[in-house]
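A.B. asks: I would like the atomic coordinates for the input below:
(one chain, ligands or ions: 1)
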Amino acid sequence: METIKVAVNGYGVIGKRVAEAVTLQDDMELVGIGDVAADWRIKVVAAKGYTIFANTEEGRNAMDKANIPVAGGLDDLLEATDVVVDCAPKKFGAQNAEKYKRARLKYIVQGGEKHETTGHSFSAENNYASALNRENTRVVSCNTTSIVRTLSALKRAGLLKKARGTLLRRATDPWESHKNGIMNTLVPEPEIPSHQGPDAQSVDPELDVVTAAVKVPETLSHLHYWTVQLTKQASKEDVLEAFATSTRTAFINMSDDLSANNAVKELMLDLGRPHGDMYEVAIWEDMLKVEGDELYYAYLVDNQAIVIPETIDAIRALTGIEPDSPKSIEKTNRSLGITQRFI
Ligand SMILES: NC(=O)c1ccc[n+]([C@@H]2O[C@H](COP(=O)([O-])OP(=O)(O)OC[C@H]3O[C@@H](n4cnc5c(N)ncnc54)[C@H](O)[C@@H]3O)[C@@H](O)[C@H]2O)c1
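C.D. replies: Just a heads-up that it's a prediction; the model follows:
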């Protein structure tokens, strides 16, 4: 079988998960990891047996000093690669993109970069087809992915008129909460709309969506509250059926005592998900309410995990190895254990 040679540049929260997911695909091969750091996180790369490339001379020196085996520089990594998935911090992705372009390589950047970096913003169930055989795309951020996934499901069912959401955003990621984060405060984004609504329109300009966001002092996930104006009177069953058309949503219930994000994280860990990752948008089924043509609901987004299946599909779309989006999505879902039912 033909395999796609994939490089992951930036082995942080997203990069390590993308790398692991790539190794689970029978049509992909992980050729190596690029990074600039030389601390415990990069030592894990070596321990896992992945090949490491240093992005900069400084990084190379630091890795040598830390006895991390280095196979070469960024150019060497790019030479061996069909598609590079950039997972460097915000803004570095756009800088790295210039190097990928010069190397005439297909590439993916993550949601910290602007839409203009690639001119295409990706969400598998919405616009896989328009990414087919492109040179590059941007997998939209965790919040935006959840918005496009859920609203596209309502749109497909002919139910979506307009949507207004309030996002409670985790302050920082767990591994670095000793370095960054907030305590005993709530920090609203200064403007309404917050950037996620317009960002969702970079995938689907037809979405009538407005968001407001506030940073909250916890690290586990984001929590969204939505009010949706439906196109017609509908029942709760109609809405649940519509959400279920997304293979990457799953229902949770307060009645099951899955009543907060820490309990849901524990469930993912108990299920043996790697890193306790939840790739799905977890919608509270028993909280969801429909009144006439108005819909109210809330859901959880595992910010560290939700973009991983999207990135795997984006690799297939850019290379054209799988022209059919449902086939790629199904393959990715199977490899990551995404079944729409947690238990
Ligand atoms: N953390 C999240 O929850 C989350 C969710 C969705 C999308 N994203 C997006 O994913 C991207 C990566 O975010 P992250 O949270 O994984 O970052 P991170 O800080 O956890 O990891 C970034 C990694 O890139 C390395 N790096 C730094 N400069 C580099 C360079 N020039 N070239 C290659 N590697 C370099 C760092 O050493 C680090 O290992 C960003 O665009 C971010 O907005 C993050």
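A.B. asks: switch to C-alpha atoms for all contacts and neighbour counts from now on
C.D. replies: OK.
A.B. asks: you'd agree S152 is in a helix?
C.D. replies: Yes: per DSSP: H, G, I helix; E, B strand; the rest coil, S152 lies within a helix segment.
A.B. asks: give me every residue that touches it.
C.D. replies: Taking Cα atoms under 8 Å, 6 or more residues apart in numbering, we find S152 in contact with 125-126.
A.B. asks: What distance do you get for it to L24?
C.D. replies: 28 Å (Cα to Cα, to the nearest Å).
A.B. asks: Ok, G15 next?
C.D. replies: Applying Cα to Cα to G15 and L24 gives a distance of 15 Å.
A.B. asks: Who has more neighbours out of those two?
C.D. replies: More neighbours surround G15 than the other of G15 and L24, with 24 against 16 (other Cα atoms under 10 Å).
A.B. asks: Looks to me like that one is in a strand.
C.D. replies: No: the assignment for G15 (three-state DSSP) gives helix, which keeps it out of a strand.
A.B. asks: Setting the sequence-adjacent residues aside, check what's closest to it.
C.D. replies: Using Cα to Cα, 6 or more residues apart in numbering and skipping the chain neighbours, the partner closest in space to G15 is C87 (5.1 Å).
A.B. asks: quick one: low-confidence parts of the stretch 101-250 of the chain?
C.D. replies: Applying pLDDT under 70 to the stretch 101-250 of the chain flags no residue at all.
A.B. asks: Start from the N-terminal end of it and give the strands.
C.D. replies: 106-109, 121-122, 136-139, 160-170, 187-188, 209-216, 222-230, 249-252 (DSSP state E, counting those that start in this stretch).
A.B. asks: from the chain's centre, how far out does the next helix or strand along the chain from the last one sit?
C.D. replies: As assigned by DSSP states H and E, the chain's next helix or strand after strand 249-252 is helix 261-270. Going by Cα atoms, centre = their mean, to the nearest Å, the spacing between the C-alpha centre of helix 261-270 and its chain's C-alpha centre is 19 Å.
A.B. asks: The strands of the stretch 101-250 of the chain: which one's closest to the ligand?
C.D. replies: Closest to the ligand of those, according to Cα to the nearest ligand atom: strand 106-109, at 6.9 Å.
A.B. asks: Model confidence score at M1, please.
C.D. replies: Note on M1: pLDDT of 75.
A.B. asks: surely it meets D27?
C.D. replies: Yes: with contact defined as Cα atoms under 8 Å, M1 reaches D27; the gap is 7.0 Å.
A.B. asks: Would you mind telling me which of the two has the busier surroundings?
C.D. replies: Neighbour totals were compared for M1 and D27, and D27 leads with 16 against 6 (other Cα under 10 Å).
A.B. asks: All set now, cheers.
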